[in-house]
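J.: turn this into a structure:
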Amino acid sequence: MCGRFFLALDSLVLSEAFEIPHWDFEPRYNIAPGQEILLVKGGRRKQRSAFHARWGLVPSWSPNPNKGSSLINARSESLLEKASFRDSYYHRRCIVPAQGFYEWSKGTKSSSKNPVAVSSASGSPLAFAAIWDRWQGADGQCVTSCAIITCPADGPLAELHPRMPVILGRKGVGRWLDGAGRDDRGLSLLKACPEAWLKVHQVSPRVNSVKNDDPQCLEVIEPEPTLFS
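T.: Numbering: from 1, shown residues only. The predicted structure is shown next:
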């Protein structure tokens, strides 16, 4: 699952990594569903663009723009089976730039859970595979929204949660964004990334509250764990 993530890298780093024009970007340390997040769409180099959308997909045919609040994730295994996701998979693919995401591990007490940051091992931005849609009401109200695609977690990361966001490499980003029309080959990209791409460390419980969005959310409170060692 991906229910909280962070992106606090320099905007120039993001521009270069995803080959899009520079844009003003405010670092975020605790991004939550229902908030506006940054997306990248388009295909080959120099054709990409950045835009914002609400995290929580609202299908264009939905009678209510608030219905999408629960559609924050789209399961890779059922993208073509769900009417909410199928058309967006074929025609409205995007990526969500990220630095990492949060999960919660079991603490020493059965009732306690500790927040854990799963971030890029290299320090480079991560690219979550995603889809977007645009809802428009009869009164002219327009809502652009998105869902992050998840897949079964693999290796030690599965000990934190059975699912994780699909993280694409540079070539995978190009193949994902350039895919259009009724082409099912993009499904082969939707799998767990190599373990070496990620590192894990326990962070401050400040991240438990969506009201907290500051650097202290990423404060390491334990030495680097051995989850991926």
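
J.: quick check: beta-bridge partners of the nearest residue to V203 once chain neighbours are set aside?
T.: For V203, ignoring the flanking residues on the chain, the nearest one in space by Cβ to Cβ, 6 or more residues apart in numbering is A117 at 4.7 Å. Heads up, the C-betas are built off the backbone N, CA and C, glycines and all. Applying DSSP bridges to A117 gives these bridge partners: Y102, H201.

J.: show me the contacts for A117.
T.: 6, 100-102, 200-203, 207, 218 (Cβ atoms under 8 Å, 6 or more residues apart in numbering).

J.: so which of those wins on neighbours?
T.: Most neighbours among the contacts of A117, by other Cβ atoms under 10 Å: F101, with 26 neighbours.

J.: any idea how far K41 is from that one?
T.: Taking Cβ to Cβ, to the nearest Å as the measure, F101 falls 21 Å from K41.

J.: now R4
T.: Taken as Cβ to Cβ, the span from R4 to K41 is 23 Å.

J.: over to E159?
T.: Counting by Cβ to Cβ - E159 and K41 are separated by 34 Å.

J.: neighbour count winner among the two?
T.: Using other Cβ under 10 Å, the more surrounded residue of E159 and K41 is K41, with 19 against 12.

J.: right, and R48 touches F18 too?
T.: Yes: taking Cβ atoms under 8 Å as the definition, R48 is a contact partner of F18 at 6.5 Å.

J.: what touches both of those two?
T.: V40.

J.: helices of this structure, start to end?
T.: In order along the chain, the chain carries the following helices (DSSP state H): 11-18, 83-91, 170-178.

J.: for these, which one sits closest to W135?
T.: helix 83-91 (11.5 Å; Cβ to Cβ).

J.: buried set for the closest one?
T.: 84-86, 88-90 (16 or more other Cβ atoms under 10 Å).

J.: what pLDDT does K106 get?
T.: At K106, the model reports a pLDDT of 72.

J.: swap that for K109, please
T.: pLDDT, K109: 52.

J.: and if you look at the one 3 residues further on?
T.: In this model, S112 is scored at 64, pLDDT.
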